[in-house]
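**Student:** Below is the sequence, then the predicted model.
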Amino acid sequence: MIFNSKITSMLMLLLANVLIPLGMVIFMAGLFRSKPLLEATDFPSPPLETKVHKAPFDKVIFMMVDALRTDFVFSRDRWLPLYARAHSLRRRCAYHGPFSDANFDPLPHQGPHSRSFLDAWLNVINWPEDSRLDGGDTWLARLKASRADQKEIVFHGIEEWVDLYPDVFDRVEAFSSFQLPNLVHSDQNITKNLSHELARDDWTALILHYLGLDCVAHLGGPRSAHMWPKQLEMDAVVREIYTALVDEPHMRDTLFVLLGDHGMTAQGNHGGRLPEELAAATVFISPKLEAMAQPRRSSPLDVAEDYLYYSAVNQIDLVPTLSGLMGFPIPSTNAGIFIPDMLAAFDDDKKAVEFLLENAKQIHRALKISTKSSNKVIDLGDDKSSMEHHDDLGRSDNRWEAVLLAEKAWVDTPSREAREHLKASIYEASREHAHDIVGRLQVGVGCLAAAVLLAYASLPSLNIGSWSLFIAMAVHSATMFIPGLVEEEHHFWFWGSLLWLVFLSVLRSGRSGFDLMCLGLIVLHFVGQCINKHGTAYSVAEHIDDLIFAHPVFLWIPALLSHLSASVLIARNLRTVLGWWVASVVSLALCAGAFGFKLASAYGHNPESLSFVPDYARELVVAIPQQLLLQAFWTGLLACSLFFIWQRRGSYNPTSSFVSMGLSPAETATTVVLLGQSAFYSMGRDNTIASLDLVNGFNSLDGTSIIGVIVQSFLTNWIGPVWWSLAGLRLLARWHEGPGSPAIPTLQNGHANGDDKTSHQNGSHDAKVTKPVPKRAAKVQAVNVVVQTINGDYIEYLTMQTLFSALSSLAFNMACIYIWGHEDLWNIYAPKFINAFLWVVFHQFMFNGTGCSIMWFVVGN
């Protein structure tokens, strides 16, 4: 385990830090395949005798409102009264149903809406050309190919649709979605052309994608002050479209589909499996649907705790439903089922049964191709899963035989039996078989295993701090094999970090005033974990969130105290070179500028957070030049830092009063890992990239600075772990300043403690300067030994962090293989994998391994 050569240990540590991201990249290449399992070219064409039924509609308006949650549409919740004035209008004409499915990527939700195949949107990590659906068998492509009058397909919205379907749209008005904080212009660019499009009769499909509601959600959640105006804006768009359906003769046979792609949490995030994240509304609107909607649909409804209103449908069911209602062939890769409540739109039971049988035959063909393809690849599962797989196929075949017999007899049974077959077949048709290149998975795991061995071999020693982190790593690795614990991973870090603080406090108890300080740290840490809600049961976060929303002044008290504390710390570090008064003025000006920017930014994004402030004070806040103020703050802070570095004495190293525990390098590494992870989750993050806050990445930057926005977005989302990594460097320095650190000999004017004096200083005026005595060389050598010891402690600290990163990544990747073939692989583990990959690349490799090492060896030395 222990190598004598420090150079060898450092080389092994360097190689381990390179192998970790390399192993994750290789494993990712096997996990996220470049192409989905079922391709249109793999399927035989539908039989020639397939009947083309007369469609109820000849046009479709497909309006996607990003983050349109079900209670925004169907609930009478006083905070979310979307369409409150239009409920009676829709009740006469529309079918309502929530649109629910698990998804984790916030951008390409268009895939399942068009292909109706689950794998179509799982290639978020692949290259752009792999995510393109041009030439793919989508409902848009089928609709375009089936139109006899050559009417156009029109799109207005974000440019990602055009990237996905470059060969589908005939008329396009696209804009970049990179302007995230833009709450007005992005949607106005769509609405300004809407009246013109509704008046034209040269299109068969009008696709609209409104992004503004999702932007509001990311800024302030569903209770943001910007939410109500945005809902009114969307309400006006719906009214305009519906009015055209009623008044315009060429719109009488037009189907209006209003839907969201996901919901949102109380913080405005999405991408997980919480009910509020999956609850995306779907509404089918047309005067022709009045007969089927009026007898059993009422609106608005009481608030539903599970966000379930009317009936639930899957994302992929939308494609065959549109196919039946619009009269174009079902895409060959479809794995969805026609929404049963919409069968009444055919106005003929025979036509409804015919199309349901057509849907069943298409699913059966897809199932057979999927089964044939799966037999050609290596199976990562065990015998039990293989038996379950064949049992499912057998049940599906039995259902299919019942469908064929019922079709011959032509009774009412086909509809029921066909649907039973679809239910039995859909999982198999969309089942993820081990068709990925298994070698990539094995190589990725091998790289991570090698990184673990290299990091362990480069450890200089083992102590109580090391074993504490080893225990934490072992427990955390074991939890990776339990999907429920992966989904609720924040609990591990919350309680683990709290126990670690208690352990350190007990270990160092007995000092005067020290116990009270430790108790304060524990209490503050516990309260900090309770503020943010993660959707777990028995959480006090929801009550705290309601309290802060009702009394926002409680939110600004700790914010003001934190800025005052930062001002005191800055003044304390600057007083040695600027003097106390000047340092106080400079630090107060810097923190006042930062606090002013926070006020202005908060009022711009969340005006409700300053509802307790008088009107004249809010007017002053609005007048604050945010960008100029932030740039002035960073300039002043950088100038003070440079001036402090230039003016301080070389032998002076300022100490921090942050924590006086005197942590060893191993204890420091354990503290940074536990509290860094805990800080990440306590800021509202979770195991999906959709929970990341992208708004603060635009602070003081415009939309054209892509690199700056990306870097700042990473820093703002990982600010907790980044802060603790920097604090870890300070704790290491404090360890060597303490009484237990090795003594550093003092050299004055080039001499060791004044013992090496010249003969002139001893009274001999004509004697030559004597050579340094061996004692001076010994003390210089002692200084070098101390420096090597200090650097060795940092190597130990970095090795512990590297070992944790490698072992946690290895355990998680092995858990992905263990869970292979289960739906949790994509619902839970795939989102977590992307999050873990960002941790490895950005935090461990770029910041801990590279950034902190440069600070320690270059700046520190």
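**Tutor:** That came in fine, so what should we check first? As the structure is a prediction and not an experimental result, all values here were calculated from the model. Numbering: from 1, shown residues only.

**Student:** distance of Thr70 from Lys351?
**Tutor:** 30 Å (C-beta to C-beta, to the nearest Å). To be clear about C-beta, it is placed using only N, CA and C from the backbone, and glycine gets the same treatment.

**Student:** actually Ser311, sorry about that
**Tutor:** For Ser311, the distance to Lys351 equals 22 Å [C-beta to C-beta].

**Student:** Neighbour count for the two, which is higher?
**Tutor:** Neighbour totals were compared for Ser311 and Lys351, and Lys351 leads with 18 against 13 (other C-beta atoms under 10 Å).

**Student:** Can you pull the poorly scored residue ranges out of the stretch 401-550 of the chain?
**Tutor:** Counting by pLDDT under 70, the stretch 401-550 of the chain has low-confidence residues at 401-437, 463-465, 509-518, 520, 527-545.

**Student:** Just the strands from it, written as ranges.
**Tutor:** Applying DSSP state E, counting those that start in this stretch to the stretch 401-550 of the chain gives no strands.

**Student:** which residues in it form helices?
**Tutor:** For the stretch 401-550 of the chain, the helices defined by DSSP state H, counting those that start in this stretch occupy 413-429, 438-457, 464-479, 483-487, 489-507, 514-531, 541-550.

**Student:** residues in contact with the fifth one?
**Tutor:** Taking contacts as C-beta atoms under 8 Å, 6 or more residues apart in numbering, the residues outside helix 489-507 that touch it are 468, 472, 475-476, 479, 485, 515, 518-519, 521-522, 525-526, 529, 534, 536, 661, 663, 667, 670-671, 674-675, 677-678, 680-682, 686-687, 832.

**Student:** just the buried members of those residues?
**Tutor:** Among the contacts of helix 489-507, those scoring as buried are 468, 472, 476, 479, 518, 521, 525, 529, 534, 661, 663, 667, 670-671, 674-675, 677-678, 680-682, 686-687, 832 (criterion: 16 or more other C-beta atoms under 10 Å).

**Student:** care to break this structure down by domain?
**Tutor:** Domain ranges of the chain: 59-316, 348-431, 467-550+663-744+777-860, 551-660, per automatic domain parsing.

**Student:** what's the average pLDDT for the last one?
**Tutor:** Regarding domain 551-660, the rounded mean pLDDT is 74.

**Student:** all numbers from here: first residue = 166
**Tutor:** Okay, using 166 as the starting number, the last item reads as domain 716-825.

**Student:** per-residue confidence for Lys200?
**Tutor:** The model's pLDDT for Lys200 equals 45.

**Student:** Which elements pack onto whatever helix or strand Ala1001 lives in?
**Tutor:** According to DSSP states H and E, Ala1001 maps onto helix 995-1003. If you count contacts as 3 or more C-beta pairs under 8 Å, 6 or more residues apart in numbering; DSSP states H and E, helix 995-1003 packs onto helix 171-196, helix 939-983.

**Student:** For Val448, which three-state class applies?
**Tutor:** Here Val448 takes the strand state, with states given by DSSP: H, G, I helix; E, B strand; the rest coil.

**Student:** wait, Ile528
**Tutor:** The three-state assignment at Ile528 reads helix, by three-state DSSP.

**Student:** Now do it: how many residues are near it, please.
**Tutor:** Neighbours of Ile528 (other C-beta under 10 Å): 28.

**Student:** quick one: Arg417 from Ser749, how far?
**Tutor:** For Arg417, the distance to Ser749 (C-beta to C-beta) stands at 75 Å.

**Student:** What of Arg899?
**Tutor:** In this structure, Arg899 and Ser749 are 25 Å apart, going by C-beta to C-beta.

**Student:** higher neighbour count, these two?
**Tutor:** Taking neighbours as other C-beta under 10 Å, Arg899 and Ser749 compare with Arg899 leading, 22 against 18.

**Student:** Can I get the helix or strand Leu894 falls within as CSV, trimmed to CA atoms?
**Tutor:** Using DSSP H and E, the element containing Leu894 is helix 884-902. Extracted in CSV, the C-alpha atoms of helix 884-902 (Å, rounded to 0.1, in the frame of the first residue of the first chain):
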residue,chain,number,x,y,z
ILE,A,884,-20.5,26.6,-5.2
GLY,A,885,-20.9,24.5,-2.0
PRO,A,886,-18.4,21.8,-2.9
VAL,A,887,-16.1,24.5,-4.4
TRP,A,888,-16.2,26.5,-1.2
TRP,A,889,-15.4,23.4,0.9
SER,A,890,-12.5,22.5,-1.4
LEU,A,891,-11.0,25.9,-0.9
ALA,A,892,-11.7,25.7,2.8
GLY,A,893,-9.9,22.4,2.8
LEU,A,894,-6.7,24.2,1.6
ARG,A,895,-7.1,26.7,4.4
LEU,A,896,-7.6,23.9,7.0
LEU,A,897,-4.4,22.2,5.7
ALA,A,898,-2.5,25.4,6.2
ARG,A,899,-4.0,25.8,9.6
TRP,A,900,-2.9,22.3,10.5
HIS,A,901,0.7,23.4,10.0
GLU,A,902,0.3,26.7,11.9
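
**Student:** Buried residues in that helix, which are they?
**Tutor:** 885-887, 889-890, 892-894, 896-901.

**Student:** Most widely separated two among those residues?
**Tutor:** Gly885 and His901 (25.7 Å; C-beta to C-beta).

**Student:** now the strands: where do they sit in the stretch 266-415 of the chain?
**Tutor:** Going by DSSP E, counting those that start in this stretch, the stretch 266-415 of the chain shows strands at 317-323, 336-340, 368-375.

**Student:** Compare these and report which one is nearest to Ile481.
**Tutor:** Short answer: strand 368-375, nearest of these by C-beta to C-beta, at 18.1 Å.

**Student:** by contact count, what packs against the closest one?
**Tutor:** Secondary elements touching strand 368-375 (3+ C-beta pairs under 8 Å, 6+ apart): strand 224-230, helix 304-311, strand 317-323, helix 350-356, helix 359-364, helix 392-412.

**Student:** Outside of the helix or strand following the longest one itself, list whatever touches it.
**Tutor:** Spelled out, it's helix 392-412. Using DSSP H and E, the helix or strand that follows helix 392-412 in sequence is strand 419-424. Residues from elsewhere that reach strand 419-424 (C-beta under 8 Å, 6+ apart): 221-230, 233, 238, 264, 403, 406-407, 410, 445-451, 483, 487, 490-491.

**Student:** Now Lys997. Nearest residue, chain neighbours left out?
**Tutor:** Counting by C-beta to C-beta, 6 or more residues apart in numbering, Asn852 is the residue found nearest to Lys997 once chain neighbours are left out, at 4.2 Å.

**Student:** Spit out the contact partners of the one you found.
**Tutor:** Counting by C-beta under 8 Å, 6+ apart, Asn852 has contacts Gly437, Val651, Glu652, Glu654, Ile993, Pro996, Lys997, Asn1000.

**Student:** Out of those residues, flag the one nearest to Ala306.
**Tutor:** Pro996 (28.9 Å).

**Student:** Can you give me the separation between the closest one and Thr881?
**Tutor:** 20 Å.

**Student:** Which residue of those two possesses the greater neighbour count?
**Tutor:** Pro996 (26 against 18).

**Student:** Verify the stated contact: that one with Gly436.
**Tutor:** Yes - in this structure, Pro996 is within contact of Gly436 by C-beta atoms under 8 Å, at 6.3 Å.

**Student:** what's around the residue nearest to Asn956 when sequence neighbours are not counted, how many residues?
**Tutor:** Nearest residue to Asn956, sequence neighbours excluded (C-beta to C-beta, 6+ apart): Phe1022, at 7.0 Å. Neighbour count of Phe1022, defined by other C-beta under 10 Å: 11.

**Student:** How about the secondary structure of Phe1022?
**Tutor:** On the three-state scheme (three-state DSSP), Phe1022 is labelled helix.

**Student:** what about it, distance to Ser829?
**Tutor:** Taking C-beta to C-beta, one finds Phe1022 at 20 Å from Ser829.

**Student:** again, but for Arg895
**Tutor:** Between Arg895 and Ser829 the computed distance is 14 Å (C-beta to C-beta).

**Student:** give me phi/psi at the residue nearest to His383 when sequence neighbours are not counted?
**Tutor:** Closest residue to His383 apart from its sequence neighbours, by C-beta to C-beta, 6+ apart: Gly433 at 4.9 Å. Backbone torsions for Gly433, taken as degrees, to the nearest 10, come to phi 90, psi 10.
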